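Participant: Any chance you could fold what I've pasted below:
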Amino acid sequence: ADVAAQLKRRKGAPVISPIAAEAVRRIDAIFDVERAINGKGITERLALRHEMAAPLVTDLGQWLRSHRAALARHSPVAGAIDYMLKDWAAFSRFLDDGRICLTNNAAERALRGIALGRKAWLFAGSDRGGERAAFMYTLIGTAKLNDIDPQAWLADVLARIADHSAARLDELLPWNWRQPQLALAA
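Facilitator: Model (predicted):
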């Protein structure tokens, strides 16, 4: 109700539905839990989610279903509720795995470089060049996600790949790659 009252007072601002305002309040309570447990270990985060967030998520789901039944089929709020309920399993997946983040902010930050460098990608010159660039960007991004220096990984893989067995190429993928001991000693 507080959010709706604030929006009603602003000149020219759209009036927000009380149901939408309450949904935002309930979702924000779930985010409050996530902010409180941010930085904790996977196991502890999962336990705290079960204790603190799971009841809020269950309550939100029940609340959404009960209010959805009272809304007209073509209502914008009904559409938003339908969208959330349709993907409820995906939304609530964070409750089953302490590694999963409630938001996709990390993925969006990872893609930011692509969006910012959009015009720089014109060097690809063709669809095939674009596919190659996307392939390389994916491998480099995967190396970063696996805490591997992409430049060291790529230099090592390019130096070794000609003599490496095709049946064992998976050993050179970022999540399986191990820097040679000689380089580590240096």
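Participant: Hmm, Ala110 is touching Gly141, no?
Facilitator: Yes. In this structure Ala110 lies within contact range of Gly141 using CB atoms under 8 Å: 6.4 Å. C-beta: built from backbone N, CA, C; applies to glycine.
Participant: between these two, who's got more neighbours?
Facilitator: Gly141 (16 against 13; other CB atoms under 10 Å).
Participant: Identify the residues contacting that one.
Facilitator: Ala110 (CB atoms under 8 Å, 6 or more residues apart in numbering).
Participant: Which of the three states applies to Lys40?
Facilitator: Of the three states, Lys40 takes coil under DSSP: H, G, I helix; E, B strand; the rest coil.
Participant: Repeat that for Ile100.
Facilitator: Ile100 ends up coil, using three-state DSSP.
Participant: okay, now it: neighbour count?
Facilitator: 13.
Participant: pLDDT at it, what is it?
Facilitator: Looking at Ile100, its pLDDT reads 90.
Participant: Any figure for the gap between it and Arg49?
Facilitator: Plainly put, Ile100 is 10 Å away from Arg49 if you go by CB to CB, to the nearest Å.
Participant: Give the residues shared as contacts by these two.
Facilitator: Phe94.
Participant: Great, nothing more from me.
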